[in-house]
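Novice: Just need the structure, nothing else, for what follows:
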Amino acid sequence: MAISESTQHTLLSMQKSEITEYYIYSAIAKKVKNPHNKKVIQSIADQEKEHSELWEGYTGVKVKPKRFMIWRYKLLSVILGVTFILRYMERGEDFAQKTYHSIRDEVPDAKRIEHEEEIHEQELLDTLDEERLKYVRSMVLGLNDALVELTGALAGLSFALSDPRLISLSGLITGIAASLSMAASEYLSTKADGRNDALKSSIYTGGAYVIVVAILILPYLLLENTMLSLTLMLASALVIIFLFNYYMSVALNISFKKRFLQMATISMGVAGFSFLVGSLLRMAFGIDV
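Specialist: Reported below is the predicted structural model:
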């Protein structure tokens with residue numbers, strides 16, 4: 001059966017994407033230490049290579065992979081984790097699914113490939129076991145607590161005190177004490193549950209808290225204008241909430257919108273209430289610092 005010119009171009013494009021993904025998955029698999037994860041990722045890589053070779057049989061053309069894309073995903077997998085990158089790549093398969101569907105009449109093999117891309121790879125990804133994802137609960141605990149407590153504290157201090165240096169000092173003391181307290185609480189809680197990873201869990205909780213503290217206090221250290229610092233602090237809090245929830249939605253394959261709105265509403269609500277309390281206390285006690 002003759003293949004139209006537009007379908008030929010589509011097949012070449014898919015062939016290039018498949019061989020590129022083969023090299024990406026293979027490169028990531030080589031760096032993964034967990035034997036199970038290595039096997040899963042290499043299995044996906046081999047499947048992508050098989051698909052590319054199938055399309056080559058139709059096009060009769062050898063294509064080269066996108067080298068920059070391979071390098072970029074290798075780097076991102078180190079920073080963001082293997083599970084996040086692989087699931088992020090699979091999200092891009094939605095377009096591929098539509099492409100496969102559009103050429104099924106001319107290319108019978110497209111139906112089989114579409115099924116494999118949709119079902120088999122997702123099943124493989126669901127079996128991945130990455131350490132950092134085991135401690136998402138600990139990171140959520142640290143992030144949530146830091147965002148709620150510190151946005152509230154800094155918002156209240158921003159109106160109670162007019163000096164950004166004093167606000168940053170007060171916030172830093174509060175943040176460090178709270179991060180140590182949270183880490184200790186997580187350690188004791190995890191230990192009480194009989195888990196052997198209590199120390200590591202507490203480090204994830206305290207580490208997430210400290211990172212948030214550093215980011216939120218930074219505007220007060222760099223700027224002289226208290227209200228501008230407050231605005232940037234709240235904007236930073238929203239960015240943190242957005243990025244973390246986006247990461248979780250991809251890595252854990254869960255809903256983004258609901259979790260983002262929930263965290264943002266709580267953090268901004270506490271900050272607004274604390275700002276009001278700070279202004280009332282300043283007027284009540286006649287403080288002008």
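
Novice: Look up how far Y25 lies from the residue nearest in space to the middle of the chain.
Specialist: Geometric centre of the chain, nearest residue: Y247, 1.7 Å, by CA atoms, centre = their mean. Plainly put, Y247 is 20 Å away from Y25 if you go by CB to CB, to the nearest Å. Heads up, the C-betas are built off the backbone N, CA and C, glycines and all.

Novice: Low-confidence stretches in the stretch 101-250 of the chain?
Specialist: Residue ranges of the stretch 101-250 of the chain with pLDDT under 70: 101, 117-134, 137, 160.

Novice: can you give me the strands in it?
Specialist: Per DSSP state E, counting those that start in this stretch, the stretch 101-250 of the chain has no strands. Nothing in it meets that criterion.

Novice: Going along the chain, name the helices of it.
Specialist: 109-115, 121-126, 131-134, 136-160, 164-192, 198-222, 226-251 (DSSP state H, counting those that start in this stretch).

Novice: Tell me which of the ones you listed sits most buried.
Specialist: Highest mean neighbour count among those (mean count of other CB atoms under 10 Å): helix 136-160, with a mean of 23.

Novice: tell me the angle of it relative to helix 198-222?
Specialist: Angle between the axes of helix 136-160 and helix 198-222 is 30 degrees (criterion: axes from the mean of the first three to the mean of the last three CA atoms, to 10 degrees).

Novice: other SSEs contacting helix 136-160?
Specialist: Taking 3 or more CB pairs under 8 Å, 6 or more residues apart in numbering; DSSP states H and E as the contact definition, the neighbouring helices and strands of helix 136-160 are helix 164-192, helix 198-222, helix 226-251, helix 257-285.

Novice: Of all the ones you listed, which one comes closest to H115?
Specialist: H115 lies closest to helix 226-251 among the helices and strands packed on helix 136-160, at 23.2 Å (CB to CB).

Novice: Output the contacting helices and strands for that closest one.
Specialist: Helix 226-251 sits against helix 82-91, helix 136-160, helix 164-192, helix 198-222, helix 257-285, with contacts defined as 3+ CB pairs under 8 Å, 6+ apart.

Novice: let's go with 10 Å and repeat that
Specialist: helix 67-80, helix 82-91, helix 131-134, helix 136-160, helix 164-192, helix 198-222, helix 257-285 (3 or more CB pairs under 10 Å, 6 or more residues apart in numbering; DSSP states H and E).

Novice: could these go into TSV alongside distance to V40?
Specialist: Rendered in TSV, the data for these read as follows (distance: least, CB to CB, whole Å):
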stretch	distance to V40
helix 67-80	14
helix 82-91	9
helix 131-134	14
helix 136-160	20
helix 164-192	28
helix 198-222	24
helix 257-285	27
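
Novice: So which of those is nearest I44?
Specialist: Distances from I44 to each of those were compared using CB to CB; the minimum, 7.5 Å, belongs to helix 82-91.

Novice: the inter-axis angle of the closest one versus helix 226-251?
Specialist: When the same axes, to 10 degrees is applied, the directions of helix 82-91 and helix 226-251 differ by 80 degrees.

Novice: Report the mean confidence score over helix 82-91.
Specialist: When the per-residue pLDDT values of helix 82-91 are averaged, the result is 79.

Novice: try stretch 33-45
Specialist: In this model, stretch 33-45 carries a mean pLDDT of 83.

Novice: buried residues in it?
Specialist: Within stretch 33-45, the residues that qualify as buried are 37-38, 40-42, 44-45, counting by 16 or more other CB atoms under 10 Å.

Novice: List the ones among those that fall in helices.
Specialist: Counted as lying in helices by DSSP state H, out of these, are 37-38, 40-42, 44-45.

Novice: Would you agree S138 is in contact with A208?
Specialist: Yes. Distance between S138 and A208: 7.4 Å, which falls inside the contact criterion (CB atoms under 10 Å).

Novice: Show me the common contact partners of those two, please.
Specialist: With contacts taken as CB atoms under 10 Å, 6 or more residues apart in numbering, S138 and A208 have 182-183 as neighbours in common.
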